[in-house]
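J.: A structural model of the following input is requested.
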Amino acid sequence: MSETARATSRPLELTELLTLMIEVGERINSTLDLDELLARIAEIVKRAIDYDVFAILLLNEKTQEFRVHFSLGHPRELVRSLRIKVGQGIVGRAAQTRRSVLVNDVKDEPAYIPSLATIRSELAVPLILKGRLIGVIDLGAPQPEFFNDSHVSLLELLAGRMAMAIENARLYRRTLRQARTLQLLNEISRELTSVLVLNELLRKIGALTKRLVDYHRFGILLADDQTQTFNAVISLKQDERMPERPTVNYGQGIVGAAAALREPVVVPDVRKDARYISINPETRSEMTVPLIYRGRVIGVIDLESPQLNYFNEEHVKIFSTLAPQIAIAIENARLYERVARSEARLERDLRSAQDIQMHLMPGIAPKIPGLDLALRFQPARELGGDLYDFLNYGRDRQVIVVGDVSGKGAPAALYGAMASGTLRSLAPQKLPPPEMMKKLNIMFLDRKIEGHFITLTYAIWEPRTKILSLANAGMPLPILVRKGQCRAIRAEGVPLGLLEHTEYQALNVHLESGDLLAFFSDGITEANNPQHEEFTSRRLEQILRQSAQKPPQEVVDGVFKEVREFEAGRPQRDDQTLVVLKVR
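T.: Residues are numbered from 1 along each chain as shown. Below you'll find the model as predicted:
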């Protein structure tokens, strides 16, 4: 054995061992970031054992395969592609026997899986937590007989703590990923219902799903029953649109297989699948998910990666959840396009309808005791889906309503007109905000129109007590400006017409003289400039804070002026409504 090997093989003194154990506890328990934790484990082990290559392989319990999650010294390509079955190689034997495996010379080991030509000795130690195997630590050195029993004992002593820390970090990562996935799914669902222009919807689907699955290529192919083909309507490489528009015949390729089976198809290695149609040479794995609407396959989502075995069960679950919503959104967008073409022939009627809609909502701000009030409604088209209204609960209480119907144009306007009529029919009952919301939700569900719902803020103002009692069903949070400070009034709830048995909560806000309160639709905060940046709630808050001392009408005019300047001539994406109250 060389002098270097002997030096690193020296058993640790008791004090050194105790110091190392204390440091291990402090270093690995002070982080829940899995990548950082694995790097710390490698650093700690390096201080005790001067290895040449290092790897931590974690077990996929479903496939009973190990994959490298962290390594030092191994070729990058090997790390990406290596999969080791339980029982295979030195690592697999350590896992199968649940005992450390020390190989003094890998040249004498038939089961050795070559990774580097220079490696001569290897040590694999299983990571076991509460009787469950979670992974293996694998060390390699260029000298034969480099590792010894003291190294085995040391790693076995550390393995339990490392296994617990790794499992905690994995649980934390899964929890964060699940929370992020649910949040993104919710955001995507809202976006899908708010965009009805097909090209914009397709681009947004590609951009939003990139945040869920880091694909290399993304495409949506829609079915054409006349030509019996699936035709690509969007093709992205990373975040860039690609000019090619591939066409696939029914029943051909992995795309055709997913459509025929009516279920997702995952191919770990396209080179081994006879169904694969080679279009992108760099593709190694592929996942296709059918888009089914009312029992009919209307298209397929296709994702590709240059990595082998890239797509997993979690990806399938995510897109199985998203696919029905995407299918509905695409059908709604295509329907909308057909409606839009028809609307072009009915422009005169739309202008008349616009006049009628404006008469259905108060044209000027009413006089409400204790408040100065201003408003503006700016539809994105001739007709809009936003609504506002002011109702009386006797002489001592007034109601302020601001809402936003999903979508734009004539369908949203008709749904909004129905909502306004329903509101006025219930007003004589003088219901508190939560009860009013509950009743509206039931009525909208009884008259449910597929793909449509409404967000609404319902507020009751009592001038004698200066208390505003409100409930919110999915509208942007109202903004309160008081003494130069902005805050959102955190009244939240599910949009109306979506879910049964939904309960809503009332929030009472005690307003003071000089307070400024703004109700608004998301068309303001989501206004786009030519760089596709959104106006955002932060910009709106800044404008409200700076103009809080002005009369409400000047505040409203100032906000819309800033929005128009921000859009810089870009067509308005969505209806924009702003109602500003100032307490006297």
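
J.: okay, CA-based contacts and neighbour counts for the rest of this
T.: Fine.

J.: all strands of the stretch 451-584 of the chain, in order?
T.: Listed in chain order, the strands of the stretch 451-584 of the chain (DSSP state E, counting those that start in this stretch) span 454-462, 467-473, 479-482, 485-488, 507-510, 516-520, 576-583.

J.: which helices and strands does the first one pack with?
T.: Packed against strand 454-462 by the contact rule (3 or more C-alpha pairs under 8 Å, 6 or more residues apart in numbering; DSSP states H and E) you find strand 398-405, helix 433-446, strand 467-473.

J.: strand partners (parallel or antiparallel) of the first one?
T.: So that's strand 398-405. With DSSP bridges as the test, strand 398-405 is paired with strand 386-392 (antiparallel), strand 454-462 (antiparallel).

J.: the last one - what's its average pLDDT?
T.: Confidence over strand 454-462, taken as the mean pLDDT, stands at 95.

J.: run through who's touching that strand.
T.: Here strand 454-462 makes contact (C-alpha atoms under 8 Å, 6 or more residues apart in numbering) with 396-406, 432-433, 437, 467-475, 494-497.

J.: now these: which count as buried?
T.: Burial by neighbour count, 16 or more other C-alpha atoms under 10 Å: within the contacts of strand 454-462 this picks out 397-406, 433, 437, 467-475, 494-497.

J.: list the contacts of Val195.
T.: 201, 333, 407.

J.: let's go with 10 Å and repeat that
T.: Residues in contact with Val195 (C-alpha atoms under 10 Å, 6 or more residues apart in numbering) are 201-202, 204, 329-330, 332-333, 406-408, 573-574.

J.: likewise Gly256?
T.: 229-230, 248-250, 262, 265, 275, 288, 290, 299-300.

J.: one more: Thr283?
T.: 216-217, 269-271, 303-308.

J.: run the last query once more with 8 Å
T.: Counting by C-alpha under 8 Å, 6+ apart, Thr283 has contacts 270, 304-307.

J.: make a markdown table out of those residues and add neighbour count, secondary structure and distance to Ala39.
T.: Converted to a markdown table, these look like this (neighbours: other C-alpha atoms under 10 Å; DSSP: H, G, I helix; E, B strand; the rest coil; distance: C-alpha to C-alpha, whole Å):
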| residue | neighbour count | secondary structure | distance to Ala39 |
| --- | --- | --- | --- |
| Val270 | 20 | helix | 33 |
| Glu304 | 24 | strand | 30 |
| Ser305 | 22 | strand | 27 |
| Pro306 | 17 | coil | 26 |
| Gln307 | 19 | coil | 23 |
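
J.: which one among those gets closest to Ile442?
T.: Glu304 (43.4 Å; C-alpha to C-alpha).

J.: for the closest residue to that closest one other than its chain neighbours, what are its contacts?
T.: Leaving aside its sequence neighbours, Glu304 sits nearest to Glu286 (C-alpha to C-alpha, 6 or more residues apart in numbering; 4.4 Å). Glu286 makes contact with 266-270, 302-305, 311 under the criterion C-alpha under 8 Å, 6+ apart.

J.: give me phi/psi at Glu286?
T.: With angles defined as degrees, to the nearest 10, Glu286 sits at phi -150, psi 150.

J.: which helix in this protein has the most residues?
T.: For the chain, the helix with the greatest residue count under DSSP state H is helix 149-194.

J.: and the angle for the very next helix or strand once past that helix with helix 149-194?
T.: Using DSSP states H and E, the helix or strand that follows helix 149-194 in sequence is helix 198-210. Angle, helix 198-210 to helix 149-194, by axes from the mean of the first three to the mean of the last three C-alpha atoms, to 10 degrees: 160 degrees.

J.: in helix 198-210, what's buried?
T.: Residues of helix 198-210 classed as buried by neighbour count (16+ other C-alpha under 10 Å): 198, 201-210.

J.: can you point out the buried residues in the helix or strand following it?
T.: Next helix or strand after helix 198-210 toward the C-terminus (DSSP H and E): strand 217-224. Within strand 217-224, the residues that count as buried by 16+ other C-alpha under 10 Å are 217-223.

J.: send me strand 217-224 as PDB with only the CA atoms.
T.: Taking Å, rounded to 0.1, in the frame of the first residue of the first chain, the C-alpha atoms of strand 217-224 are listed here in PDB:
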ATOM      1  CA  ARG A 217     -39.100  20.600 -26.700                       C
ATOM      2  CA  PHE A 218     -42.900  21.200 -26.400                       C
ATOM      3  CA  GLY A 219     -45.600  20.900 -29.000                       C
ATOM      4  CA  ILE A 220     -49.400  20.800 -29.300                       C
ATOM      5  CA  LEU A 221     -50.800  19.000 -32.300                       C
ATOM      6  CA  LEU A 222     -54.500  19.300 -33.000                       C
ATOM      7  CA  ALA A 223     -56.500  16.700 -34.800                       C
ATOM      8  CA  ASP A 224     -57.900  17.200 -38.200                       C
END
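
J.: what about His452, how many residues nearby?
T.: A count of nearby residues for His452, using other C-alpha atoms under 10 Å, gives 19.

J.: contacts only, for it.
T.: Contacts of His452 (C-alpha under 8 Å, 6+ apart): 193, 405-407, 412, 497.

J.: same deal with Pro495?
T.: Counting by C-alpha under 8 Å, 6+ apart, Pro495 has contacts 453-456, 473-475.

J.: at 7 Å what do you get?
T.: 453-455, 473-474 (C-alpha atoms under 7 Å, 6 or more residues apart in numbering).

J.: which residue sits closest to Ile301, ignoring its sequence neighbours?
T.: Ile220 (4.6 Å).

J.: thought the one you found was touching Glu304?
T.: No: using C-alpha atoms under 7 Å, Ile220 is not in contact with Glu304, being 11.9 Å away.

J.: about what we covered before: residues contacting the residue nearest to Ile301?
T.: 232-235, 300-302.

J.: pick the one among these closest to Asp108.
T.: Once C-alpha to C-alpha is applied, the member of the contacts of Ile220 that ends up nearest Asp108 is Asp302, at 46.7 Å.

J.: host element of the closest one?
T.: Assigned by DSSP H and E, Asp302 falls in strand 296-305.

J.: quick one: mean pLDDT for that strand?
T.: 93.

J.: just give me how far the helix or strand following it sits from the chain centre.
T.: The first helix or strand that comes after strand 296-305 along the chain, using DSSP H and E, is helix 313-345. Put simply, helix 313-345 sits 18 Å off its chain's centre (C-alpha atoms, centre = their mean, to the nearest Å).

J.: same check, this time on stretch 128-139
T.: 32 Å.

J.: pull the residues that contact that stretch.
T.: With C-alpha under 7 Å, 6+ apart, stretch 128-139 has contacts from 51, 53-59, 91, 95, 122-127, 160, 163-164.
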